[in-house]
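[1] Predicted model follows, preceded by the sequence.
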2 protein chains.
Amino acid sequence: MTAKQLSPQEFRIWHAFRLMHEDVLGRVGRDITQATGLSGPEFGVLFRLAGKGEMRQQALAGMLNWDKSRLSHQLTRMQERSLIERRRIDGKTVLIVLTKVGREKLDAARPIHADSVRRNLLSRLTQQQIDTIVRVSNLLGEVEE
Amino acid sequence: MTAKQLSPQEFRIWHAFRLMHEDVLGRVGRDITQATGLSGPEFGVLFRLAGKGEMRQQALAGMLNWDKSRLSHQLTRMQERSLIERRRIDGKTVLIVLTKVGREKLDAARPIHADSVRRNLLSRLTQQQIDTIVRVSNLLGEVEE
DNA sequence: CGGCCATGGTTGACATATCAACCACCTTAA
DNA sequence: TTAAGGTGGTTGATATGTCAACCATGGCCG
C-alpha cells in the first residue's frame, strides 16, 4: 500500500487539506483588508506585538513561526508605512515597537478579525471538529523522529 | 459571547489552524524541490495537466482553484523553464500542453510527493481524523448564504 | 450586417515568501 | 586579549500571490 503515487482517494484528502486553508485564510485576510487597509500578515504582526507593546524581533519571529528573514522584510515594509518602529538596543538586539498609527489600525481591525474568524471558521464547526483540528495541528507540528 | 476580539481560547484554535497548513505544505514543498528542482506550485500545475495531457487554461484554473491571473503568471514562468507549452487555438482559447521536460520532471516528482504527503500528513492521522478533515474542508469551502 | 458585451487571457504594479550570503556584534575559551 | 563561533539581523535575488486595468475575440441580438 505504498504505491509510487497517491491514489485518487489519498489525493482527495490532500486536496481538501490545502483548499480548506486557502479558502478560510483568504476570506479572513480579505475581510481585514477591506475594512481597515491592513493586510493579513500585517495584522498578524501587529496583533502579537500588542500583547507586549514591544518585543525583540527574535521573540516576535518565534510567536509567528516565521523565519528571521521573512520577518525582517515584512517589518521593513511596515516601518515604511509607520505601523511599527525599530529601536536598536545594543549591537545585536532590535526592539520592535508599535506606533500610534499601528495601534489604531490594529484596534480597528480586531473586531473585524474576530468576526471573520468566527464566521468563516469557528461557528461552522462542531466542538468535536475543533478539538480534532487542534489535536491534529499539534501532531503535525512536531518534527518526526 | 460575541466579544469584540477573539478570546485566548479562540485565538489558539485560529493559530493551530494556520500552523497546521504552513507546516505540512512547507515540508512537502521542500521535499519536492530538494529532490527534483520543481517548486510546489509547479508540481501542482504539472500534476493536473498530466491527467489530461493538455487542457484549456480555464479548466486548469478551475481544478487548481486559482484565479486566471495567478495561473497566467505561473504558466509564463513555467514556459520559460520549458515545463509547459502554450498553444493558441482560436482567438480566445489557449491550450496548455505538457512538454517532454515537464513530464519527466513530473514523473520524477510523483513518488517523492506521494511519500512526503504520506509521511507528513496521512500516516500521522487516524482514519477518523482524516474523515473530519475532509468533512470540515467541504464545509468551509462552501460560501455562506 | 453592426454593435454590444461577456469571456479568456495578459499585463504591470506591488506585496509577500524563500534562500543563501553577508555582517556586526557578543561569547567563550585558549 | 585575541581569535573562533554562534547569534540576531539585513540584504538581494528570485519566486509567488493579488488586484485592477486592459485587450482581443467570439457570440448574441437588434
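    In hand now; what should we look at?

[2] can we go C-alpha only for contacts and neighbour counts from here?
    Noted.

[3] where does the residue nearest to A:Thr99 when sequence neighbours are not counted fall, phi/psi-wise?
    Nearest non-adjacent residue to A:Thr99, counting by C-alpha to C-alpha, 6 or more residues apart in numbering or on different chains: A:Ile84, 5.1 Å away. Main-chain torsions, A:Ile84, degrees, to the nearest 10: phi -140, psi 170.

[4] A:Ile84 and A:Lys105 touch, don't they?
    No. Using C-alpha atoms under 8 Å, A:Ile84 makes no contact with A:Lys105, being 11.2 Å away.

[5] In terms of neighbours, single out the busier of these two.
    Relative neighbour count places A:Ile84 above the other of A:Ile84 and A:Lys105, with 24 against 17, counting by other C-alpha atoms under 10 Å in any protein chain shown.

[6] How about the longest helix belonging to chain A, which residues are buried there?
    What stands out as the longest helix in chain A, according to DSSP state H, is helix A:8-36. The neighbour-count check on helix A:8-36 (16 or more other C-alpha atoms under 10 Å in any protein chain shown) flags A:13-14, A:16-21, A:23-25, A:27-33, A:36 as buried.

[7] for stretch A:66-74, same thing?
    For stretch A:66-74, using 16+ other C-alpha under 10 Å, the buried residues are A:Leu71.

[8] Remind me what the strand or helix carrying A:Gln128 packs against, helices and strands.
    Using DSSP states H and E, the element containing A:Gln128 is helix A:127-141. Helix A:127-141 sits against helix B:8-36, helix B:127-141, with contacts defined as 3 or more C-alpha pairs under 8 Å, 6 or more residues apart in numbering or on different chains; DSSP states H and E.

[9] got the angle between it and helix B:127-141?
    110 degrees (axes from the mean of the first three to the mean of the last three C-alpha atoms, to 10 degrees).

[10] mind saving the C-alpha coords of helix A:127-141 as CSV?
    The C-alpha trace of helix A:127-141 is given here as CSV (Å, rounded to 0.1, in the frame of the first residue of the first chain):
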residue,chain,number,x,y,z
GLN,A,127,-16.8,21.4,19.2
GLN,A,128,-15.6,18.0,18.3
GLN,A,129,-14.3,19.1,15.0
ILE,A,130,-12.5,21.9,16.6
ASP,A,131,-10.9,19.6,19.1
THR,A,132,-9.7,17.4,16.2
ILE,A,133,-8.2,20.4,14.4
VAL,A,134,-6.2,21.5,17.4
ARG,A,135,-5.1,18.0,18.2
VAL,A,136,-4.1,17.4,14.6
SER,A,137,-2.3,20.7,14.4
ASN,A,138,-0.1,19.8,17.4
LEU,A,139,0.6,16.5,16.0
LEU,A,140,1.6,17.7,12.6
GLY,A,141,3.7,20.5,14.0
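
[11] orientation of that helix relative to helix B:8-36 in degrees?
    Going by the same axes, to 10 degrees, helix A:127-141 makes 40 degrees with helix B:8-36.

[12] ok, and the closest non-adjacent residue to A:Val28?
    A:Ser116 is the one closest to A:Val28 (C-alpha to C-alpha, 6+ apart), at 5.6 Å.
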